[in-house]
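Trainee: just to be clear, the model below is a prediction. Sequence and coordinates:
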Amino acid sequence: MVGNTSGQTTVMVVDDDEAIVNLVSGILEGAGYRVLKARHSDEALDISSVFKEEIDLLVTDVKMDPFMTGFQLAQCLRLMRVELKVLYISGYVEDEMVRWEVESSVAGFLQKPFNPQTLLDKIRAHLA
């Protein structure tokens with residue numbers, strides 16, 4: 001695993017669905033990751049501004065809240081954290097705009113629904 005200064009990989013999970021945040025966080029915590037949870041973009045930006053250690057990976061929903069998309073959130077966070085890796089999750093890949101943004105980004109993508117092992121495999125591969 002990629003590690004930060006504490007020796008533990010930190011993942012920020014952002015989704016407007018609290019059940020998804022809790023599910024993904026539980027899977028990651030069970031696998032030994034440190035998890036920062038946010039239910040919308042403003043909360044994620046606030047957490048990032050006060051969390052002084054490295055955040056290794058952002059796992060974010062694509063269509064999240066009325067303030068910004070997951071893509072916009074990733075762009076904002078990368079202004080502060082240039083090395084931040086991103087894994088987008090979404091159930092809306094039929095949407096042409098979503099598909100274009102995912103395909104044109106350097107980030108990874110995982111379609112909802114997914115099982116815990118698929119999530120962990122995708123994260124490990126993306127952090128490698």
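Mentor: Looks like it came in fine.
Trainee: quick one, strands of this protein?
Mentor: Assigned by DSSP state E, the chain shows strands spanning 10-14, 34-38, 57-61, 85-90, 108-111.
Trainee: in CSV: those, plus mean neighbour count.
Mentor: Yep, even glycine has a C-beta here, placed from its N, CA and C like the rest. Rendered in CSV, the data for the strands of the chain read as follows (neighbours: other C-beta atoms under 10 Å):
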stretch, mean neighbour count
strand 10-14, 24
strand 34-38, 18
strand 57-61, 25
strand 85-90, 22
strand 108-111, 17
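Trainee: grab the most central residue of the chain for me.
Mentor: Centroid-nearest residue in the chain, with C-alpha atoms, centre = their mean: V59, separated by 1.1 Å.
Trainee: right, and that one touches L87 too?
Mentor: Yes. Taking C-beta atoms under 8 Å as the contact criterion, V59 and L87 are neighbours in contact, 4.8 Å apart.
Trainee: which neighbours do the two have in common?
Mentor: I123 (C-beta atoms under 8 Å, 6 or more residues apart in numbering).
Trainee: K52: how many residues sit nearby?
Mentor: Neighbouring residues of K52 were enumerated by other C-beta atoms under 10 Å; the total is 6.
Trainee: got it, and I20?
Mentor: 19.
Trainee: that one and I47, how far apart?
Mentor: Going from I20 to I47 by C-beta to C-beta, to the nearest Å gives 17 Å.
Trainee: same question, Y88
Mentor: According to C-beta to C-beta, Y88 and I47 sit 18 Å apart.
Trainee: in this structure, which helix or strand is least confident?
Mentor: Each helix and strand of the chain was given a mean pLDDT (mean pLDDT, DSSP states H and E); the minimum falls on helix 96-104 at a mean of 60.
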